[in-house]
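> Sequence first, then the predicted structure, then my questions.
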Amino acid sequence: MNPEPTIFLVDDEASVLKALSRLLRSAGLNVEIFRSSQEFLQHHDPHAHGCLVLDVAMPGLNGLDLQRTLAAQGTRLPIIFLTGRGDIPTSVQAMKQGAVDFLTKPTNDEDLLAAIRAGIDKDRANRQAGAERLKIQQLLATLTPREREVLRHIIAGKLNKQVAAELGIVEKTIKVHRARVMKKMNVQSLAELVRMAEHAGIKPAPHTVRED
């Protein structure tokens, strides 16, 4: 089972941290607080579930700096920004870099809780997608180099005779490879195989032989 999500609060104002943590805990959420971006980076587990509620203007690393640092580290923790003033260029920049929301202090409690729920949902979806990609990669690793080559051709929608012509082998052999690919990838249809290949970033093989 997945652990309960945690809301990570990062703000240099103690009064803000106190008020936000009280609100979130009263809503039944797990909360961890940090007084700076540096403190968060020192203690944060990149595998933790949840989302980050982050102040924009802070000494040292500001909120956008922390967002960029986490992105560079490959951490996909959803971020909700809080700012003491409405700053449209900053909010646009934050959203372009993947922020869930950008709220102005003092924020409405319901707006913040709604944003956090959206952040938790996004984190859960990201992790489910990541787990699916890992599973697909493990299945792909069971294919031989020739089977992987055949896979790229069949997800392009080619007939066995077309694949045989392009690879220079007999159609009967392609049928065997195709059956093995379907079995190893644990799929029942071409549509399932295409979807899995897309998730794994495998591109269909181009057509190189003309049909008469």
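In hand now; what should we look at?

> where are the low-confidence patches of the protein?
1-2, 86-89, 92, 209-212 (pLDDT under 70).

> how far is the biggest helix by length in it from where the chain is centred?
Counting by DSSP state H, the longest helix found in the chain is helix 109-140. Centroid displacement of helix 109-140 relative to its chain, using CA atoms, centre = their mean, to the nearest Å, is 7 Å.

> Any idea how many residues pack against residue 158?
20 (other CB atoms under 10 Å). Just so you know, the C-beta spots here come from the backbone N, C-alpha and C atoms, and that holds for glycine as well.

> doesn't residue 207 make contact with it?
Yes. Residue 158 is within contact range of residue 207, at 7.3 Å (criterion: CB atoms under 8 Å).

> joint contacts of these two?
Any residue near both residue 158 and residue 207 by CB atoms under 8 Å, 6 or more residues apart in numbering counts here, and that gives residue 166.

> mind listing what's buried in the longest helix of the chain?
112, 115, 116, 119, 120, 122, 123, 136, 139, 140 (16 or more other CB atoms under 10 Å).

> now swap in stretch 64-81 and tell me
64, 66, 67, 70, 75, 76, 77, 78, 79, 80, 81.

> from the residues you listed, which is closest to residue 42?
Distance to residue 42 across the buried residues of stretch 64-81 (CB to CB) is lowest for residue 66, with 12.1 Å.

> Report the separation between the closest one and residue 52.
To residue 52, residue 66 is 8 Å away according to CB to CB, to the nearest Å.

> In TSV: the buried residues of stretch 64-81, plus distance to residue 37 and secondary structure.
Below are those laid out as TSV (distance: CB to CB, whole Å; DSSP: H, G, I helix; E, B strand; the rest coil):
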residue	distance to residue 37	secondary structure
64	10	helix
66	4	helix
67	9	helix
70	10	helix
75	13	coil
76	17	coil
77	13	coil
78	16	coil
79	12	strand
80	15	strand
81	13	strand
